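Asker: any chance you could fold what I've pasted below:
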Amino acid sequence: MAARGSRTAGDAGDRVSKPYILCDAFGTLRGLHQGLKEAGYIEGENVAIEYRWAEGKYDRLPTLALELLRRQVSVIVTGANAATLAAKAATTTIPIVFILGEDPVPLGLVASLARPGGNATGINFVSGELVAKRLELLRELVPAAARVAVLVNPADATATETTLRDLEPAVRAIGLKIQVLKASTNQEIHAAFADMVRERPEALFLGSDPFFTNRRVQLATLSARHAIPLVAQAREIVEVGGLMSYGANIADGFRQAGVYAGRILKGAKPADLPVMQSSKFELVINAETAKVLGITIPPGLLAIADEVIE
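Answerer: Numbering: from 1, shown residues only. Here you go, the predicted structure:
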């Protein structure tokens, strides 16, 4: 999201801010709008929002970022690793508010979490650190699983590398065998499932990537068709039929990003806004999907689940 010009609510005569989204979003706009509202900005009243979507084609992101620069925007909000890196490569002056799944320091986006020091700040979902925990929950829900397919998006090399790196020690500790599959298009998702049908893994572990959340219906439909339990980070995938998710609430992350964008429009500097880290994580289980798959949800998981979809 980016804004051209700025004004706080009630300042007559100034140019209306024009925020832009530079990402692939998936039902998160309500959270973004809520955050902007909390900061004093309401779309159509004192802020105009335009949206730019990569539509899963990450190679389009640098072009979208340069387009925003030509518009002389005031702030950019990004919703994926690839989008954030594209925006950061395009500008060192326009403020960037990111929503990331991993530590932004090793990516070179900020100097430190407490003092970003540059033109970028935002929210870290710490999804990479949750890979091992998600795998443990999968094993608890599907104890018979010995072979697990892992689907990652090669278009985001950073996220793929992080997922596989964090999976390796967790897999060794639990004693699982994994089959790594890659998909960055709808057709490649179908091809990945064709491989799974041949290899017959007992579960599918989905890498954290906005493209997969955008394709949640396709993924949930294919996993149900081929009776492959699907475990993911995003609850949105479970809401449409995936088996289980564990991770931060993405919509709330966009709400926090909206608050930060509003503060920047009012004059705050990204360098002075600490990177926020998610501290509350949701365990969501689809009981109907479990029933269809013949999976009995352990009482222990039911007791700690934040939501059970019937």
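Asker: so which elements touch the helix or strand where A251 lies?
Answerer: Per DSSP states H and E, A251 falls inside helix 250-265. Using 3 or more C-beta pairs under 8 Å, 6 or more residues apart in numbering; DSSP states H and E, the elements in contact with helix 250-265 are helix 29-38, strand 76-78, strand 96-100, strand 120-124. Quick note: C-beta positions are derived from backbone N, CA and C, even for glycine.
Asker: and the second one, which strands flank it?
Answerer: Looking back up the chat, that one is strand 76-78. Sheet pairing of strand 76-78 (DSSP bridges) gives strand 20-23 (parallel), strand 96-100 (parallel).
Asker: so for that strand, mean pLDDT?
Answerer: In this model, strand 76-78 has a mean pLDDT of 91.
Asker: got the buried residues for the host helix or strand of D195?
Answerer: Using DSSP H and E, D195 maps to helix 186-199. Within helix 186-199, the residues scored as buried using 16 or more other C-beta atoms under 10 Å are E188, I189, A192, F193, M196.
Asker: pull the residues that contact the helix or strand just after it.
Answerer: Reading on from helix 186-199 to the C-terminus, the next helix or strand found by DSSP H and E is strand 203-206. Residues outside strand 203-206 that contact it (C-beta atoms under 8 Å, 6 or more residues apart in numbering): 134-135, 138, 142, 145, 148-151, 167, 178, 196, 212, 219, 223, 228-233, 237, 242.
Asker: partners of strand 203-206, with directions?
Answerer: strand 147-152 (parallel), strand 230-232 (parallel).
Asker: quick one: closest of those strands to I99.
Answerer: strand 230-232 (16.8 Å; C-beta to C-beta).
Asker: show residues contacting that closest one.
Answerer: The contact list for strand 230-232 (C-beta under 8 Å, 6+ apart) reads 134, 137-138, 141, 203-206, 208, 212-213, 219-220, 223, 237-238, 242-247.
Asker: try it again with 6 Å
Answerer: The contact list for strand 230-232 (C-beta atoms under 6 Å, 6 or more residues apart in numbering) reads L138, L204, F205, L206, S223, G242, L243, M244, S245.
Asker: many thanks, we can stop here.
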